[in-house]
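Colleague: only the shape, not the letters, is given here:
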């Protein structure tokens, strides 16, 4: 993911933010590499939907997507990549935490 250059996004900070945001019982299921993998899939999804195109980045464009479709994308790709099966509710919490991180650094402003 190359969001870092454009928005001040820091992969390590995002992983730490996400881990700090998760309930303890979920936090124990995912290591840093798992979270990084999930974030990468999230941004692959955004790219596949054209949400990271220059046109989508203009201020009049909205950043909207179907969260259920995104969760399904992550869980399906994790299985097909041989990573394993993820619980959809856990993935939804990770996605929510990642979006909160983005908001905290002003990406959506």
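Modeller: Yep, it's here. Keep in mind the model is a prediction, meaning the values are calculated, not measured.
Colleague: C-alpha only now, for contacts and for neighbours.
Modeller: Fine.
Colleague: show me the shaky parts of this structure.
Modeller: 1-7, 54-63, 108-109 (pLDDT under 70).
Colleague: where along it do the helices fall?
Modeller: Using DSSP state H, the helices of the chain run over 3-7, 11-21, 24-27, 32-48, 54-57, 67-80, 88-104.
Colleague: and the third one, what's buried?
Modeller: Along helix 24-27, these residues count as buried under the neighbour rule (16 or more other CA atoms under 10 Å): residue 27.
Colleague: contact partners of that helix?
Modeller: 19, 90 (CA atoms under 8 Å, 6 or more residues apart in numbering).
Colleague: and if you look at the last one?
Modeller: When contacts are taken as CA under 8 Å, 6+ apart, the neighbours of helix 88-104 outside the stretch itself are 9, 14, 17-18, 21-22, 26, 35, 38-39, 42, 67, 71-72, 74-75, 108-109.
Colleague: I'd like to know which of these are buried.
Modeller: For the contacts of helix 88-104, buried by 16+ other CA under 10 Å: 9, 14, 17-18, 21-22, 35, 38-39, 42, 71-72, 74-75.
Colleague: list the buried residues in stretch 68-84.
Modeller: Neighbour counts using 16+ other CA under 10 Å place 70, 71, 72, 74, 75, 77, 78 of stretch 68-84 among the buried residues.
Colleague: okay, the last one and residue 24: tell me how far apart.
Modeller: Going back to what we said before, that points to residue 78. Per CA to CA, to the nearest Å, residue 78 is found 22 Å from residue 24.
Colleague: same question for the third one.
Modeller: Between residue 72 and residue 24 the computed distance is 23 Å (CA to CA).
Colleague: one more: the second one?
Modeller: When CA to CA is applied, the distance between residue 71 and residue 24 equals 21 Å.
Colleague: go on, the fourth one?
Modeller: Between residue 74 and residue 24 the distance, using CA to CA, works out to 21 Å.
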